[in-house]
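# Got a sequence here, can you build the structure:
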Amino acid sequence: MKSYKILSACGTGVATSTVAANKCKTLLQARGIEKVDVIECKAIEIVGKASIIHPDCIIHTAEIPVNKLGGIKTFRALQFITGIGAEQLADEIADYLKSLDK
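Down below sits the predicted model:
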């Protein structure tokens, strides 16, 4: 089974990125994506981390410089914090990750 890497970014790289990362991982596992490594970071670190880690996608709760990420798919992940729309967002991320295997 393929393993996926996701970067989770928030303003400070501490609170909301952790909540979003944990929720994302749990919801993706419920969708059959078992091997998910979610790395947390500050929004300001996202470009550097992405160039080192080469994530399959990025989830973020703060603004990030999407145009500097070399086309890496990004998902605004406030739904994982509020709970509203979290299931739909998890479906979108799962569908995207599964499409990478085709």
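
# which residues does the spatially most central residue of the chain bridge with?
Closest residue to the average C-alpha location of the chain: residue 59 at 3.0 Å, with CA atoms, centre = their mean. As for beta bridges, residue 59 partners with residue 8, residue 75 under DSSP bridges.

# Enumerate every residue touching it.
Residues counted as contacts of residue 59 (CB atoms under 8 Å, 6 or more residues apart in numbering) are 6-9, 20-21, 24, 38, 74-77, 80, 93. All C-beta spots, glycine's among them, are computed from the backbone N, C-alpha and C.

# try 6 Å
Going by CB atoms under 6 Å, 6 or more residues apart in numbering, residue 59 touches 8, 20, 24, 75, 77.

# tell me which element the nearest residue to residue 30 once chain neighbours are set aside falls in.
Distance criterion CB to CB, 6 or more residues apart in numbering; nearest residue to residue 30, sequence neighbours excluded, is residue 90 at 7.7 Å. Residue 90 is located in helix 86-99, with elements delineated by DSSP states H and E.

# Can you verify residue 26 is assigned to a helix?
Yes. Applying DSSP: H, G, I helix; E, B strand; the rest coil, one finds residue 26 inside a helix.

# Could you report the neighbour count for it?
13 (other CB atoms under 10 Å).

# how close does it get to residue 49?
22 Å (CB to CB, to the nearest Å).

# in this protein, which spans are helices?
Secondary structure of the chain (DSSP state H): helices at 15-30, 46-53, 79-82, 86-99.

# Nearest to residue 69, out of these?
Closest approach to residue 69 among the helices of the chain (CB to CB): helix 46-53, 5.5 Å.

# got the contact list for residue 66?
Residue 66 neighbours (CB under 6 Å, 6+ apart): residue 74.

# need the contact list for the closest residue in space to residue 74 that isn't next to it in sequence.
Of all residues not flanking residue 74 in the chain, residue 58 sits nearest, at 4.6 Å (CB to CB, 6+ apart). Taking CB under 6 Å, 6+ apart as the criterion, residue 58 is in contact with 7, 72, 74.

# I am finished for the moment; much appreciated.
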